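*Asks:* Would you be able to build a 3D model of this:
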Amino acid sequence: MKLSDWWLMRHELLLFITIVAVMLGEIYTKPGSKNKIFLVALSMFSVVAAIGIFPVPHGELFGGMYKTDAVRTLVKNILQIGSLVVMFQSIEWLRQLEKQEKIGEYFVIILASLLGMFFMISAGDLMMLYIGLETATIPLAVLAAYDSYRNQSAEAGVKLILLSALSTGVMLFGISMIYGTTGSIYFAEIATRFGSNPLQILAFVFLFSGFAFKIALVPFHFWAPDVYEGAPMNITSYLSTISKGAAAFALVLVLYTVFGSIVEIWQPMIYTLAIITMLVGNLFALRQKNMKRFLAYSSIAQAGFILLGIMGNSQAGMASVVYFLLVYVFSNLAAFGVISAIYYTTGKENMNDYKGL
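*Replies:* The predicted structure follows:
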């Protein structure tokens, strides 16, 4: 492998360097100077996000396990900038945590989760997809339970990790059946060998169910409102936007590149799920009294809109999903930014508390 080939992985390598730097800063910084870690982490990640904007050539590494192109790079840049916004929104919250000496860990965990999302987006085979998905999910459970002095936060972390383990087991079972029926884990090879075999259809359903949990599609959405309500405000924002955006794009990628041969099977299924998800998400949102639960159901409804773009099974469909993710990420971050500002000023997050604002 040439040294220039590593430039294809610049997003992941720069994130890894930032994580190591923050960990070393956490180790060697005195207890009374933890606020310096905050400045170092934000500065380094801002530079990483800026470097990511520069164009990168198309290519693949590790025999096709890792792939990159203009669309993948664009999605990574969207997620990086969105994560940077979340970090800036976390300033007030981190000041409250300063006495607990938990600032460095926060940046390490959130960047490790983002690193997993990047590997998932650039996956060229099922193994890289699975590893990236789990590398992104486990830190999210830690972040949900990050506020250890609140029972709701600990409960959110437990719910997320248990239900995530269940969905991961289902997805891994589907992956094993795909490998058993096609003899390969590479996307390009599976696409040529995948058909309407009943066992292969069942494998696809299992794999799709795992993604449906991550995106919070109905009926796999039950965890989202409780976890969003219990997690710290900025973590809820990260879960609702960055995590969902990465999983949605990975699902689009897998459907288009791997399961294009059975489009007549999954299109009606996605059409039905989209209608049910939008209906349930919007109707249940109207009944909520807590702002975080309200945005949780709104996020569920948005997942239904993402499915509508997937149904196109074309370049226009892919473009519509990426464009929707771009608008969704930053509009949702703006909404959570307002809620965060009010919460950290007044300590209130219910709709009735907004009267007279």
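*Asks:* List the backbone torsions phi and psi for residue 123.
*Replies:* Residue 123 adopts backbone torsions of phi -60, psi 140, taken as degrees, to the nearest 10.
*Asks:* From residue 67, how far off is residue 57?
*Replies:* Using C-beta to C-beta, to the nearest Å, we find residue 57 at a distance of 12 Å from residue 67. Backbone N, C-alpha and C define where each C-beta goes, glycine included.
*Asks:* the more surrounded of these two?
*Replies:* Of the pair residue 57 and residue 67, residue 67 is the one with more neighbours under other C-beta atoms under 10 Å, namely 22 against 12.
*Asks:* where does that one fall, helix, sheet strand or coil?
*Replies:* Here residue 67 is strand, with the state taken from DSSP: H, G, I helix; E, B strand; the rest coil.
*Asks:* Residue 124 is in contact with that one, correct?
*Replies:* Yes: proximity of residue 67 to residue 124 meets the contact threshold set by C-beta atoms under 8 Å, at 4.4 Å.
*Asks:* joint contacts of these two?
*Replies:* With contacts taken as C-beta atoms under 8 Å, 6 or more residues apart in numbering, the residues that reach both residue 67 and residue 124 are residue 60.
*Asks:* what are the phi and psi values for residue 90?
*Replies:* With angles defined as degrees, to the nearest 10, residue 90 sits at phi -90, psi 0.
*Asks:* same check, this time on residue 56
*Replies:* Dihedral angles (degrees, to the nearest 10) for residue 56: phi -130, psi 140.
*Asks:* Residue 242 too?
*Replies:* The phi/psi pair for residue 242 (degrees, to the nearest 10) is phi -70, psi -50.
*Asks:* cool, residue 225 as well?
*Replies:* phi -60, psi -40.
*Asks:* OK, contacts around it?
*Replies:* Applying C-beta under 8 Å, 6+ apart, we find residue 225 in contact with 288, 293, 296, 297.
*Asks:* Just send these back as CSV, with secondary structure and pLDDT too.
*Replies:* Converted to CSV, the contacts of residue 225 look like this (DSSP: H, G, I helix; E, B strand; the rest coil; pLDDT from 0 to 100):
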residue, secondary structure, pLDDT
288, coil, 83
293, helix, 85
296, helix, 85
297, helix, 86
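*Asks:* For residue 167, the count of nearby residues, please.
*Replies:* Counted with other C-beta under 10 Å, residue 167 comes out at 20.
*Asks:* so is it in a helix, a strand, or just coil?
*Replies:* At residue 167 the chain is in helix, as set by three-state DSSP.
*Asks:* ok, it - contacts?
*Replies:* Residues in contact with residue 167, defined by C-beta under 8 Å, 6+ apart, are 209, 210, 213, 214, 220.
*Asks:* cool, and residue 281?
*Replies:* Going by C-beta under 8 Å, 6+ apart, residue 281 touches 218, 221, 297, 298, 299, 300, 301, 302, 303, 304.
*Asks:* same thing with residue 84?
*Replies:* For residue 84, the contacting residues are 42, 45, 46, 49, by C-beta under 8 Å, 6+ apart.
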